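S.K.: Mind looking at a prediction? Sequence and model below.
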Amino acid sequence: MNSLLALGARAVTMVISLVCGVITTRMILGETDVDHYALYTLLITIPSLLTFTDLGSGAVLVNAVATSDDVRTDRKLRLQVTSVGRILLMFASALMVINTVLLVTGGWRALFGDAGAIPGAPLAAFLCITLFSLTVTLGVWFRILLGQRRNHLVILVQGLISPVTLAGVWLMLTFGGRAFDSFLAVASYAASLLTAIIGFLLVTRSTAPLIPDALRVLLRWRRVPGVRVMDVGWPMLAQMVTYPIAVGSQRYVLAQYGTPTDVAEYGVAGQVFFALNGLVMAAGVALWPQFARRRHPLRRPGESHEGDRPRQRSGARQRAASSGGDPRCSRCCSAERSPRRPRSCGSSARGSSSSSRAASSRSAPPRSSRSAA
């Protein structure tokens, strides 16, 4: 059912994104030129190259939320959210350092090729990455919703990006003049930040007090060290890096060895392909929390997991020692006894035999008196 909801939500948002994308493309090409549209497509492609903002650690959150009894009071989940939030914060900080270096050294202009020679292109890239870094810090929201099997809600919230981008581009072209032609991509990043804020607020409200408690100890590195998350993150990171290299980097290859017209044509054709690709991925990603839930079943009342057996055995030994029984015997210290009559264990058998011998010795007369009689 979750896959069907995600598929339906993606189908609706795909149509809206296609319509808004075509209108946005027509407005940019009609009001500016091909070079500015090529710069626009190069800038909005950067987030697709940086899909590994959490270094793969977000997979831990999806699995933990999907298998948690109560996300509001799960202490381990709160520590995992704190650890993933710190990774996102460090990634955003490192990204801002690289962004500043590229702006100062002229790296943005060299990266964009001929489109980088447009006046204001490096500053536009700096503003876009700044907004993207702010969006990265709020990135736990869609991972938690995915673990809650609410991927359709993630798709619907992110579906607001295309209409808001269209509105922002229209405002810039209408009231900004030619000075804002190089900064049209800022509208797309502002829309992404807006949707991240909306999604973050939804998750904060639905899982309270999980997010506030995690944010409260986010910067207390020594006092609250967090938990291990990269044991799952590294394999996930290897998968997340391959897709941007195979698909997202092609526009930058065209920017280096082609013309702005080639980049613009690729951007127009890619609107349909990437929309259909997102439709297929939406149905597959929705199955993730179901798989995690089947793989790690929740604990039911009276049911024990494999990992709890050593703890149960140690508790049984303590109960047996306190009751005076043999700690090696599991029958006398089991919490769930069989309805049949249990056999007496070795310690109880030895205790009963010794007590019977003592009773017989007390009741029997001395041997000397019997011989005298």
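M.R.: On my side now, so go ahead.
S.K.: What are the buried residues along the helix or strand hosting Val232?
M.R.: Assessed by DSSP states H and E, Val232 sits inside helix 230-243. For helix 230-243, burial by neighbour count (16 or more other C-beta atoms under 10 Å) applies to 232-233, 236-237, 240. Placement of C-beta: from N, CA and C, glycine included.
S.K.: list the contacts for Asp262?
M.R.: Counting by C-beta atoms under 8 Å, 6 or more residues apart in numbering, Asp262 touches Leu254.
S.K.: pLDDT at it, what is it?
M.R.: pLDDT recorded at Asp262 is 86.
S.K.: What's the separation between it and Ala6?
M.R.: Distance, Asp262 to Ala6, by C-beta to C-beta, to the nearest Å: 34 Å.
S.K.: Then Thr174?
M.R.: 36 Å.
S.K.: now Ile155
M.R.: 6 Å.
S.K.: on that earlier part again, more crowded one of Thr174 and Ala6?
M.R.: Taking other C-beta atoms under 10 Å, Thr174 and Ala6 do not tie; Ala6 has more neighbours (27 against 11).
S.K.: next helix or strand past the helix or strand containing that one?
M.R.: Per DSSP H and E: Ala6 is located in helix 2-31. Next along the chain after helix 2-31, taking DSSP H and E as the criterion, comes helix 34-44.
S.K.: Against which helices or strands is that following helix packed?
M.R.: Helix 34-44 sits against helix 2-31, helix 121-136, helix 186-206, helix 250-257, helix 260-285, with contacts defined as 3 or more C-beta pairs under 8 Å, 6 or more residues apart in numbering; DSSP states H and E.
S.K.: switch to 6 Å and redo it
M.R.: Where contact means 3 or more C-beta pairs under 6 Å, 6 or more residues apart in numbering; DSSP states H and E, helix 34-44 is packed against helix 2-31, helix 260-285.
S.K.: what separates the helix or strand just after that helix from the chain centre, distance-wise?
M.R.: Using DSSP H and E, the helix or strand that directly follows helix 34-44 along the chain is helix 46-49. Centroid displacement of helix 46-49 relative to its chain, using C-alpha atoms, centre = their mean, to the nearest Å, is 18 Å.
S.K.: Can you name the next helix or strand after helix 46-49?
M.R.: Next along the chain from helix 46-49, counting by DSSP H and E, comes helix 58-67.
S.K.: mean confidence score for that next one?
M.R.: If you average the pLDDT over helix 58-67, you get 88.
S.K.: Can I get the helix holding Val232 as CSV, trimmed to CA atoms?
M.R.: Taking C-alpha atoms only, helix 230-243 is exported to CSV below (Å, rounded to 0.1, in the frame of the first residue of the first chain):
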residue,chain,number,x,y,z
MET,A,230,28.9,4.5,9.8
ASP,A,231,28.9,0.7,10.0
VAL,A,232,25.8,0.9,7.8
GLY,A,233,26.8,4.2,6.3
TRP,A,234,29.9,3.1,4.4
PRO,A,235,28.1,0.4,2.2
MET,A,236,25.3,2.9,1.6
LEU,A,237,27.8,5.6,0.7
ALA,A,238,29.3,3.4,-2.0
GLN,A,239,25.9,3.0,-3.6
MET,A,240,25.1,6.7,-3.3
VAL,A,241,28.2,7.9,-5.0
THR,A,242,27.9,5.8,-8.1
TYR,A,243,24.6,7.4,-9.4
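S.K.: orientation of it relative to helix 58-67 in degrees?
M.R.: Helix 230-243 and helix 58-67 are oriented at 120 degrees to each other (axes from the mean of the first three to the mean of the last three C-alpha atoms, to 10 degrees).
S.K.: Touching helix 230-243 from outside, list them.
M.R.: 51-52, 55-57, 59-60 (C-beta atoms under 6 Å, 6 or more residues apart in numbering).
S.K.: distance between that helix and the chain's centre?
M.R.: Mean-position distance between helix 230-243 and its chain equals 12 Å (C-alpha atoms, centre = their mean).
S.K.: ok, how many other residues are close to Phe52?
M.R.: With other C-beta under 10 Å as criterion, Phe52 counts 19.
S.K.: Quick check, pLDDT for the residue lying closest to it once chain neighbours are set aside.
M.R.: Counting by C-beta to C-beta, 6 or more residues apart in numbering, Phe52 lies nearest to Met240, which is 4.2 Å off, once chain neighbours are set aside. For Met240, the model assigns a pLDDT of 80.
S.K.: thinking again about what came up before, which strands and helices sit next to the helix holding Ala6?
M.R.: By 3+ C-beta pairs under 6 Å, 6+ apart, helix 2-31 packs against helix 34-44, helix 151-158, helix 161-171, helix 260-285.
S.K.: could you check the angle helix 2-31 makes with the second one?
M.R.: Meaning helix 151-158. 10 degrees.
S.K.: Going forward, count from 18.
M.R.: Yep, numbering from 18; the last one is helix 168-175 now.
S.K.: when you compare where helix 168-175 runs with where helix 203-223 runs, what's the angle?
M.R.: 140 degrees.
S.K.: which outside residues touch helix 168-175?
M.R.: Helix 168-175 is contacted from outside by 22-23, 26-27, 30, 159, 162, 212, 215-216, 299, 303, using C-beta under 6 Å, 6+ apart.
S.K.: what's the closest of those residues to Leu151?
M.R.: Nearest to Leu151, judged by C-beta to C-beta, of those is Thr212 at 12.3 Å.
S.K.: In contact with the closest one, which residues?
M.R.: Applying C-beta under 6 Å, 6+ apart, we find Thr212 in contact with 174-175, 177-178.
S.K.: Highest neighbour count among these?
M.R.: Neighbour-wise, those (other C-beta under 10 Å) top out at Ile178, 24 neighbours.
S.K.: who's in contact with that residue?
M.R.: So Ile178 contacts 208-209, 212 (C-beta under 6 Å, 6+ apart).
S.K.: mind putting those in TSV, distance to Val114 and pLDDT included?
M.R.: Below are the contacts of Ile178 laid out as TSV (distance: C-beta to C-beta, whole Å; pLDDT from 0 to 100):
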residue	distance to Val114	pLDDT
Ala208	25	96
Ser209	21	95
Thr212	26	95
